[in-house]
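Engineer: Build me a model:
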Amino acid sequence: MAFLQASALLLPSSSSSCCCSRKNNAAIHVPKFPKAPFSVPKIPTSRKLIDELNNIRVDGFTNTIPVLQNINFTTTPFVDDIKAQNSTAFATTQLCALFEAVADRVEMHANIGKQRDNWNTLLLNSINMITLTAATMAGVAAIGGAGMPLLALKLSSTLLYSAATGMLLVMNKIQPSQLAEEQRNATRLFQQLRSQIETMLALGATTEEDVKDVMERVLALDRAFPLPLLGAMLDKFPSKFEPATWWPSHQLLQKKTKSHERKQRQNNGWSDELEVEMRDIVEVVKRKDSKDYERLGNLLLKINKILAIFGPLLTGIAAIGSAFVGNVSWAAIVAVAAGALATSANAFQHGGQVGMVFEMYRNSGGFFRLLQETIEATLEEGDLEKRENGEMFEMKVALQLGRSLSQLRELARKSASYRLDGTAIDEFASKLF
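Structural biologist: You can find the predicted model right below:
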């Protein structure tokens, strides 16, 4: 039956038209296929898919895909390095500016030191010439002067003695030889600071602490060796000898630590023997060098005070005596003798540069005080890593005292013998001055 229905479809058009007129109630039935026994899974959402992929197990291990957390890119090490470089560059720029200021101060102190040394020479020669001329006039007036020539000689001698007295008062007040020595010391110390700044710049890695330390040292030197004469000038006749101080008062203060462990691998060149050696050196400096310079400084201070009073007093007496030449028999003797003594005192004080020697002792006393405070502050630092290397520190101390390392250790042994046995030490710590 199905075959017949299929062949009917293949007949020519004529036959098909005839057949179409016939009513055919036949129908083609398509068989129904059975339902499959499986179902297609639903595709999960993106977030669920990521969570499942994170928990897939491969051979018993969990494969977890890391998820990026919130990252603050403003605190990365790269940014910190840039900030550190900028800070170092700015500190280096500041240190260069300080270097220029220190170099300028070196030139200023050197020039003013030469100027004040010239003051001492010119004032000394001028006052001595004035005094001798006044004494000569007083002697000539006493020999044969009369009338107007006598009056002229007396008046000239008195005026010259008065001028010499005034100039001596000013010269003894400012002490040009001492001023020149101050400027020489300032020049040397500023040159030393300039060399240290050059070393800092050469090594690099300049910090704000380095800039602050250099600034404080410059200001301390300015206070210790002032340039002006009025107001800021140092007292040339203090009540007692005091060593010069040209370093910041808190420069040597070290922060003490509570830990006092001594590890052999972290001793930084220090040992118990070296610490004992440094303490023995400090005792020698205190007992011999500092004490001796204090004694000499007080002696020079007394001599300078006596001469500073004696010179103007003699020229004043000579001026009074010259005013009475021809009227009083002993006036000429007083005028001539006082003038000669005043010239001698002036030549000894300013020609011998007593003020310069006093300033040299004051500076030497300051050097020994600085050395003493440096050693004590270093030994008080409990953390060995914060100290300067022990071997380097020992070498610096030996060079500052003009000794070799073996001589420095020998001096420390003598100091220890003095402390234990009472054996006197027959030498000073310093061999330089």
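Engineer: Kindly confirm whether my reading is correct that Ser322 touches Tyr161.
Structural biologist: Yes - in this structure Ser322 lies within contact range of Tyr161 using CB atoms under 8 Å: 5.9 Å. To be clear about C-beta, it is placed using only N, CA and C from the backbone, and glycine gets the same treatment.
Engineer: Residues that sit against both of these two, list them.
Structural biologist: Counting by CB atoms under 8 Å, 6 or more residues apart in numbering, the residues touching both Ser322 and Tyr161 are 134, 335.
Engineer: From the chain's centroid, how far away is the helix or strand containing Gln372?
Structural biologist: Per DSSP states H and E: Gln372 is located in helix 354-380. Helix 354-380 has its C-alpha centroid displaced from the chain centroid by 17 Å (CA atoms, centre = their mean, to the nearest Å).
Engineer: which helices and strands does it pack with?
Structural biologist: Contact partners of helix 354-380 among helices and strands, from 3 or more CB pairs under 8 Å, 6 or more residues apart in numbering; DSSP states H and E: helix 176-203, helix 272-284, helix 291-323, helix 390-400.
Engineer: and that helix, which residues are buried?
Structural biologist: 354-375, 378-379 (16 or more other CB atoms under 10 Å).
Engineer: do stretch 426-433 as well
Structural biologist: Those would be 428-430, for stretch 426-433 by 16+ other CB under 10 Å.
Engineer: Give me the distance from it to the chain's centre.
Structural biologist: Using CA atoms, centre = their mean, the offset of stretch 426-433 from its chain centre is 27 Å.
Engineer: ok, and what's touching that stretch?
Structural biologist: 281, 284-285, 288-289, 292, 364, 368, 400-403, 411, 414.
Engineer: from the residues you listed, which single one is nearest Gln175?
Structural biologist: Ser364 (17.7 Å; CB to CB).
Engineer: ok, and the closest non-adjacent residue to that closest one?
Structural biologist: Nearest residue to Ser364, sequence neighbours excluded (CB to CB, 6 or more residues apart in numbering): Tyr293, at 5.2 Å.
Engineer: count of residues packed around that neighbour?
Structural biologist: 25 (other CB atoms under 10 Å).
Engineer: average pLDDT for the helix ranked longest in the chain?
Structural biologist: Assignment by DSSP state H gives helix 77-144 as the longest helix of the chain. What helix 77-144 shows for mean pLDDT is 87.
Engineer: relative to helix 354-380, how tilted is the helix or strand just after it?
Structural biologist: Following helix 77-144 in sequence order, the next helix or strand is helix 147-174 (DSSP H and E). Here helix 147-174 runs at an angle of 0 degrees relative to helix 354-380 (axes from the mean of the first three to the mean of the last three CA atoms, to 10 degrees).
Engineer: Please name every helix or strand in contact with helix 147-174.
Structural biologist: Using 3+ CB pairs under 8 Å, 6+ apart, helix 147-174 sits against helix 77-144, helix 291-323, helix 331-346.
Engineer: try it again with 10 Å
Structural biologist: Where contact means 3 or more CB pairs under 10 Å, 6 or more residues apart in numbering; DSSP states H and E, helix 147-174 is packed against helix 77-144, helix 291-323, helix 331-346, helix 354-380.
Engineer: From the contact counts, what lies against the second one?
Structural biologist: Using 3+ CB pairs under 10 Å, 6+ apart as the contact criterion, the neighbours of helix 291-323 among helices and strands are helix 77-144, helix 147-174, helix 331-346, helix 354-380.
Engineer: For Lys302, which of those helices is the nearest?
Structural biologist: helix 354-380 (10.2 Å).
Engineer: The closest one - what's its average pLDDT?
Structural biologist: pLDDT averaged over helix 354-380 gives 93.
Engineer: Compute the inter-axis angle for it and helix 291-323.
Structural biologist: Using the same axes, to 10 degrees: helix 354-380 against helix 291-323 is 160 degrees.
Engineer: Number the chain from 26, please
Structural biologist: With the count now opening at 26, the last piece we talked about shows up as helix 379-405.
Engineer: Helix 379-405 vs helix 297-309, what angle?
Structural biologist: 150 degrees.
Engineer: what ranges of this protein fall below the confidence cut-off?
Structural biologist: 26-111, 169-171, 275-291, 447 (pLDDT under 70).
Engineer: ok, now with 90
Structural biologist: Applying pLDDT under 90 to the chain flags residues 26-117, 164-179, 225, 228-235, 253-257, 273-294, 348-357, 405-413, 439-452, 456-458.
Engineer: Quick check, central residue of it?
Structural biologist: Val239 (3.7 Å; CA atoms, centre = their mean).
Engineer: how would you label it: helix, strand or coil?
Structural biologist: helix (DSSP: H, G, I helix; E, B strand; the rest coil).
Engineer: thinking it is in contact with Glu223, fair?
Structural biologist: No - using CB atoms under 10 Å, Val239 makes no contact with Glu223, being 11.6 Å away.
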